[in-house]
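**Student:** Would you be able to build a 3D model of this:
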Amino acid sequence: MIGVNSRIHCFTGGFAQTNGYLFDTGLCKVLVDAPEGAVTWLREERLNPDVLFLTHQHFDHTMDAAAVVEEWEVQVFAHSDFSQSLSLAKLFAAFSGVTIEVPEFRVDVVLGEELRVWDVLGESFGLLYVPGHSDDSLCLYSSKAGVLFAGDTLMESSIGRSDLPGGDQRVLLAAIREKILPLPAETVIYPGHGGATTVGAEQGNPFLL
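**Tutor:** The predicted structure follows:
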């Protein structure tokens, strides 16, 4: 069982049961992703984010991003500028018949894939570019707290799907092995879907054997 980190608050919202996290480092409060319902949750829990970090722009992770910006006037940090193409909302609508609209939001700082350290409001994080699920997938790592916010890259005994535009399972597996598995075994992984796990536990992930 993964120990509870009192500084990390988790919310699961939207039909895809997507996780969003509020990480209070003591120096800043980082909201990691903004699934549908995140604003209501933050209000109810009286959690006020300082910044919004997006692991990627798929619609289930960004439905409330614009509302978060409007409510708290936070800066948004992401791999790429806002893109309806990256959101996959139109693709989902075409296949499901359900219209999804991601309200446009600004990305204040484009992080790209070369930046390795992200310094924000006195806090320092590691950035891991882990493509293969999407072209813009970033993981956020705090060595001090021993946690990794992995988005839809690595999950408990599973990996992110790679059959969508920008997906490539070979690339994803290689990136996970190169970027995530070398982290300390006790590092707690907070994924975009499902429960928390650890790097050590995922050494036996069936997709990675």
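**Student:** Quick check: which ranges of this protein have low pLDDT?
**Tutor:** Confidence mapping of the chain against pLDDT under 70 gives the ranges 1, 3-4.
**Student:** where along it do the strands fall?
**Tutor:** Using DSSP state E, the strands found in the chain span residues 8-13, 18-24, 29-32, 51-53, 75-78, 109-110, 117-120, 123-129, 138-142, 147-151, 154-155, 158-159, 188-191, 197-198.
**Student:** would you turn the ones you listed into CSV with mean neighbour count?
**Tutor:** Using the backbone N, CA and C atoms, a C-beta is placed for each residue, glycine as well. As requested, those are exported to CSV (neighbours: other C-beta atoms under 10 Å):
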stretch, mean neighbour count
strand 8-13, 18
strand 18-24, 23
strand 29-32, 25
strand 51-53, 25
strand 75-78, 21
strand 109-110, 14
strand 117-120, 14
strand 123-129, 19
strand 138-142, 25
strand 147-151, 28
strand 154-155, 26
strand 158-159, 19
strand 188-191, 23
strand 197-198, 20
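**Student:** For these, please prepare CSV with the additional fields distance to Gly167.
**Tutor:** Shown next, in CSV, are the strands of the chain (distance: least, C-beta to C-beta, whole Å):
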stretch, distance to Gly167
strand 8-13, 23
strand 18-24, 17
strand 29-32, 21
strand 51-53, 22
strand 75-78, 18
strand 109-110, 21
strand 117-120, 25
strand 123-129, 15
strand 138-142, 16
strand 147-151, 13
strand 154-155, 14
strand 158-159, 11
strand 188-191, 16
strand 197-198, 21
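**Student:** right, so of the ones you listed, which gets closest to Ile176?
**Tutor:** Closest approach to Ile176 among those is made by strand 154-155 (5.3 Å; C-beta to C-beta).
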